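1. Here is my input; please provide its structure:
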Amino acid sequence: MTTLASGTDTLTRDALTVLQPGFTGTTAPDWLLRRLGEGLASVGLFGRNIASPDQLAALTAQLRAERDDVLVAIDEEGGDVTRLEVRSGSSFPGNHALGAVDDVELTRQVAHELGQRLATCGVNLNWAPSADVNSDPRNPVIGVRSFGADTELAARHTAAYVTGLQSAGVAACTKHFPGHGDTAVDSHHALPRIDVSAEVLAERELIPFRAAIAAGTRAVMSAHILVPALDPDRPATLSRRILTGLLRDELGYDGLIVTDGMEMRAIAGTYGIERGSVLAVAAGADAICVGGGLADDETVLRLRDALVGAVRAGELPEERLAEAADRVRALARWTGTASRPAETSHGTGIGLHAARRALTVTAAPGLGSPGAFEPLTEPPYVAALTPVANIAVGDETPWGVAAELVHLLPGTVTGSFSAGDGPQRDAGENAGREALQAAGTRRIVAVVRDEHRHPWMASALDTLLAARPETVVVEMGVPQAAPRGALHIATHGAARVCGRAAAEVIAGVTGV
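-> As a prediction, the model looks like this:
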């Protein structure tokens, strides 16, 4: 492959500095170490890179042996989106659960302990929190990643999360600017469009970002969304009006602007990652996130050369690229000097405590209060009505209550049921009948995730409850549908600790 530069001049180093690539494997590949020596300043980690805390610490030490001020970023929201605990489920509930509790000090404490775990492993930039106001309940990609649908609630918890995370010496990256909550399209697959007025945006979407900026968030991540009221032509990630005019000039933000993953179809499918990266930097972005799906040296070199070529062709001002690189280096300096608590508070149980507080438990009308519910004493059959996982969450991370119920009620059996092919209602009825047959005479615990967004899931639950009205229902998504079942437990998220908290209610045990 022909490259435009040798990797030693200032322009080429700046082009490498603004890239934030991923890679495959649990050790750093040779090509990545080589690029760190040539100017690459950031690396993004995903679940594929993490096997254990000790392995992660060794990996980040390997990166720092090549460049001691490298920014090591991760997508660790807690809750449904976890990379530290990708194969077991998170020890911390996500934003929606914290919003349901609505205790800002609890949110700060959770973010602080999560930040301590990251810092211990050598991670110093977290692509979190999500400041999106989940105003469209059909939202397929935000949902429980949001603190909620109330603007002021989202704002105060976003600020608390930023404060808690950064008090552990880990930079927060508040996302997805200017707000990804009012959409029914997933930007991993297509370009969402938000058709509301600038006034609505200012009064709803922007308030949590203002709060994050006031709290000192060190980074902000752009959204791949089209907002015609702000820019009718280009998505936010590529819009100078939005990144520079609104975020920088109007909101007064002077920290690092990071793009969402440039390989997502909202950008890659229309502009391509090379052209998209050039346009993003020109618009005001400082760091180009790429690597969720593209993670190799060829991609890094293609993007480096696209940026260098754009400067030489007069399409990208050299001073804009230099400014972006300077902001990356400035954040790296902050992470090197940020104060960290001398004592770590790992293992305080704050995550499980928060998950327990987040539960909403509703008894069937005939039972009266939830206290009238008789906890299960025999091992049940857990029927998980399983939707397709969105890409941000991934399908590697387990969810549900079965694994936790096995500990409390040994002998618990589980099965997973999904829509399959055909009409949604028929598919749901089939799934419900299959679950009934598999359960036999056991008590059924039906676990759902965003019942309101999946007609087949609602139909399956109809079938289950018609035959077995004593069924316990656990909703682990956004609890938009009306509660039903002998007992309905809304966990406000599918983290492992949320499953644990629900299992304790079902089995009638607490604090164990």
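
2. how far out from the middle of the chain is the lengthiest helix in the chain?
-> Assignment by DSSP state H gives helix 318-337 as the longest helix of the chain. From the chain centre to the centre of helix 318-337 is a distance of 25 Å (C-alpha atoms, centre = their mean, to the nearest Å).

3. Tell me which helix or strand comes right after that helix.
-> helix 350-358 (DSSP states H and E).

4. In terms of secondary structure, what does that next one contact?
-> Identification of packing neighbours for helix 350-358 by 3 or more C-beta pairs under 8 Å, 6 or more residues apart in numbering; DSSP states H and E yields helix 95-101, helix 104-120, helix 496-507. (Each C-beta comes from the backbone N, C-alpha and C, glycine too.)

5. tilt between the last one and helix 350-358?
-> What that stands for is helix 496-507. 50 degrees (axes from the mean of the first three to the mean of the last three C-alpha atoms, to 10 degrees).

6. packing partners for helix 496-507?
-> Counting by 3+ C-beta pairs under 8 Å, 6+ apart, the packing neighbours recorded for helix 496-507 are helix 350-358, helix 402-408, strand 472-475, strand 487-490.

7. Pull the number of nearby residues for residue 426.
-> Close neighbours of residue 426, defined as other C-beta atoms under 10 Å, add up to 14.

8. CA atoms of the helix or strand it falls within as CSV?
-> Using DSSP H and E, residue 426 sits within helix 424-439. The C-alpha coordinates for helix 424-439 follow below in CSV (Å, rounded to 0.1, in the frame of the first residue of the first chain):
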residue,chain,number,x,y,z
GLN,A,424,-45.2,-11.1,15.2
ARG,A,425,-48.4,-12.2,17.0
ASP,A,426,-48.2,-15.8,15.7
ALA,A,427,-44.5,-15.9,16.6
GLY,A,428,-45.3,-14.7,20.1
GLU,A,429,-48.1,-17.2,20.6
ASN,A,430,-45.7,-20.0,19.4
ALA,A,431,-43.0,-18.8,21.8
GLY,A,432,-45.5,-18.7,24.7
ARG,A,433,-46.8,-22.2,23.9
GLU,A,434,-43.2,-23.5,23.7
ALA,A,435,-42.4,-22.0,27.1
LEU,A,436,-45.5,-23.5,28.6
GLN,A,437,-44.6,-27.0,27.3
ALA,A,438,-41.0,-26.6,28.5
ALA,A,439,-42.0,-25.5,32.0
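
9. Okay, buried residues for that helix please.
-> 427, 428, 429, 430, 431, 432, 434, 435, 436, 439 (16 or more other C-beta atoms under 10 Å).

10. Give me the distance from it to the chain's centre.
-> The answer for helix 424-439 is 31 Å, by C-alpha atoms, centre = their mean.

11. What's the first helix or strand after it?
-> Remark: after helix 424-439, the chain's next helix or strand is strand 444-448, criterion DSSP H and E.

12. which residues touch residue 105?
-> Neighbour list for residue 105: residue 160 [criterion: C-beta atoms under 8 Å, 6 or more residues apart in numbering].

13. returning to what we had before: kindly reformat the helices and strands packed on helix 350-358 as CSV containing mean pLDDT and distance to residue 130.
-> CSV is the format used below for the helices and strands packed on helix 350-358 (pLDDT from 0 to 100; distance: least, C-beta to C-beta, whole Å):
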stretch, mean pLDDT, distance to residue 130
helix 95-101, 98, 6
helix 104-120, 97, 12
helix 496-507, 97, 17
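
14. In CSV, list these along with distance to residue 478.
-> Formatted as CSV, the helices and strands packed on helix 350-358 follow (distance: least, C-beta to C-beta, whole Å):
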stretch, distance to residue 478
helix 95-101, 7
helix 104-120, 18
helix 496-507, 13
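
15. most tightly surrounded among these?
-> Among the helices and strands packed on helix 350-358, helix 95-101 has the highest mean neighbour count (mean count of other C-beta atoms under 10 Å), at a mean of 28.

16. unless I'm mixing things up, residue 296 is touching residue 30, no?
-> No. Shown here, residue 296 and residue 30 do not form a contact pair, counting by C-beta atoms under 8 Å, at 12.0 Å.

17. And the helix holding residue 426, what does it pack against?
-> If you count contacts as 3+ C-beta pairs under 8 Å, 6+ apart, helix 424-439 packs onto strand 381-385, strand 413-417, strand 444-448, helix 455-467.

18. Same list (these) but as JSON lines, adding distance to residue 329, mean pLDDT and mean neighbour count.
-> Below are the helices and strands packed on helix 424-439 laid out as JSON lines (distance: least, C-beta to C-beta, whole Å; pLDDT from 0 to 100; neighbours: other C-beta atoms under 10 Å):
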{"stretch": "strand 381-385", "distance to residue 329": "47", "mean pLDDT": "97", "mean neighbour count": "26"}
{"stretch": "strand 413-417", "distance to residue 329": "47", "mean pLDDT": "96", "mean neighbour count": "17"}
{"stretch": "strand 444-448", "distance to residue 329": "47", "mean pLDDT": "98", "mean neighbour count": "26"}
{"stretch": "helix 455-467", "distance to residue 329": "48", "mean pLDDT": "96", "mean neighbour count": "21"}
